[in-house]
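[1] From the sequence below, what's the structure:
(chains A and B)
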Protein chains: 2
Amino acid sequence: MKKIFEPKNAIYLLPAVLVSCCSNSGTDNIITIAWTTNICRKPPCLGIVINGEKYSAKLIKDTREFVLNIPSAEILKEVDICGQIHGDSVDKFKLANFTRDDAVLVKPKLIKECPINMECRVKEAVMIEDSHLFIGEVLKVHMDENLFDSSGKINYLKLNPILYGDKSYWSIKDKIEYRGFTQKNIINIQ
Amino acid sequence: MKKIFEPKNAIYLLPAVLVSCCSNSGTDNIITIAWTTNICRKPPCLGIVINGEKYSAKLIKDTREFVLNIPSAEILKEVDICGQIHGDSVDKFKLANFTRDDAVLVKPKLIKECPINMECRVKEAVMIEDSHLFIGEVLKVHMDENLFDSSGKINYLKLNPILYGDKSYWSIKDKIEYRGFTQKNIINIQ
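    So this is what the prediction gives:
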């Protein structure tokens, strides 16, 4: 039986990621978010949602650049730390013991300890009430060579991404199936 | 060591969900997507990304309503089927053997077999190249009573959501930690 609830945010388990950004003068920050998605293939674009009151939202509005860093569960402690403290009062790279790596095309730093970093430039910013949705064009992608298996495909169990929902962090288990595994059956049905 | 790649969509493992929609005359459709996220808390809003060429994008542009249905891995076969066939040529409810349930406030039908359904009305539509990002205000949420544990919290292992990335479906494993588990340590550091 289903119950009807009043409106709430019920997309559960989105990827926990770290967004690095900086001011025009170069002071940087890191924010942990989970409200993010791919948006467009050509050119590759992604969206990140940050509350407009946050220091990081102000930085990204000013510079229109950010780096989306995908962490592994191995650094969950650092991911959690970056989500607990306001970045205008503390150096989060130092607090989380993260290493700054230079990006190729944008000013914000890559977090070296994250196996994937995406350099992004804001293409569009959409304000929905108190949320800022920054749609960034992906300019460069940095990926750890150890993520790939011998066939050149990403091994998600090596990536070991963190999922977040309802104030908890979750890990992934197994690949269940490949997309299109029902295709043969559909042809038979039709 | 990291390698630098040209731009690509590298947010891996987003939730596989089913979006139901319909034409003004009531003909309905279902599309499987994974590019989705929560966007705003007050009022609760979410975003779904659909290629502008898709039949479902046209329907949602016309009616400005949709239902986001969250499936369990138990119905992965049906989820895959809805992502394989174009909806303008076939009745996907019939093809996937899904049951239509009436929504309270919108015209598109709920998929009964999905444990969570969110009735949404489009608040804003953003076009990024060939992608349509529909930002929908969540008007009602329907949730299966069996998802909750005795304390009234959602049990994600009962929800058993499907994650999608790189043409594969994945399942979740365990809760690793709660948000803020490092807080005590941070206070000590500061």
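[2] What is the burial count for the residue of chain A found nearest chain B?
    Nearest to chain B in chain A, going by Cβ to the nearest Cβ, is A:Lys173, at a distance of 3.6 Å. Glycine gets a C-beta too; all of them are placed from N, C-alpha and C. Residues lying near A:Lys173 (other Cβ atoms under 10 Å in any protein chain shown) number 14.
[3] Under a three-state scheme, what state does the closest residue to it other than its chain neighbours occupy?
    Sequence neighbours aside, B:Lys173 is the residue nearest to A:Lys173 in space, at 3.6 Å (criterion: Cβ to Cβ, 6 or more residues apart in numbering or on different chains). Three-state assignment for B:Lys173 (DSSP: H, G, I helix; E, B strand; the rest coil): strand.
[4] if you go through chain A in chain order, where are the strands?
    Using DSSP state E, the strands found in chain A span residues A:2-5, A:14-15, A:17-22, A:28-33, A:36-40, A:45-51, A:65-70, A:100-101, A:110-111, A:116-128, A:131-144, A:163-165, A:168-178.
[5] What's the separation between the residue nearest to A:Lys173 and B:Leu157?
    9 Å (Cβ to Cβ, to the nearest Å).
[6] Now for the residue of chain A closest to chain B: which residues touch it?
    Applying Cβ atoms under 8 Å, 6 or more residues apart in numbering or on different chains, we find A:Lys173 in contact with B:Trp170, B:Ser171, B:Ile172, B:Lys173.
[7] The second one: how many residues sit nearby?
    With neighbours defined by other Cβ under 10 Å, the count for B:Ser171 comes to 18.
[8] For the closest residue to it other than its chain neighbours, report the pLDDT, please.
    With Cβ to Cβ, 6+ apart as the criterion, B:Ser171 has its nearest non-adjacent residue at 4.8 Å, and that residue is A:Lys173. A:Lys173 carries a pLDDT value of 90.
[9] got it, and A:Pro43?
    In this model, A:Pro43 carries a pLDDT of 97.
[10] quick one, what contacts it?
    Taking Cβ under 8 Å, 6+ apart as the test, what A:Pro43 contacts is A:Glu137, A:Val138, B:Pro7, B:Glu129.
[11] any idea how far the first one is from A:Asp101?
    This means A:Glu137. In terms of Cβ to Cβ, A:Glu137 sits 20 Å off from A:Asp101.
[12] The helix of greatest length in chain A close to chain B?
    With secondary structure taken from DSSP state H, chain A has its longest helix at helix A:55-63. No - applying Cβ under 8 Å from any Cβ of the partner chain, one finds helix A:55-63 out of contact with chain B, separated by at least 13.2 Å.
[13] and that helix, how far out from the chain's middle?
    With Cα atoms, centre = their mean, to the nearest Å as the basis, helix A:55-63 stands 16 Å off its chain's centre.
[14] Also stretch A:107-115?
    12 Å.
[15] hang on, the earlier thing: check the contacts of A:Pro43 for burial and list the buried ones.
    By neighbour count, with 16 or more other Cβ atoms under 10 Å in any protein chain shown, those hold A:Glu137, A:Val138, B:Pro7 as buried.
[16] ok, now which ones touch A:Asn160?
    By Cβ under 8 Å, 6+ apart, the neighbours of A:Asn160 are A:Ser72, A:Ala73, A:Glu74, A:Ser171, A:Ile172.
[17] how about a cut-off of 6 Å?
    Remark: with contacts taken as Cβ atoms under 6 Å, 6 or more residues apart in numbering or on different chains, A:Asn160 is in contact with A:Ser72, A:Ala73.
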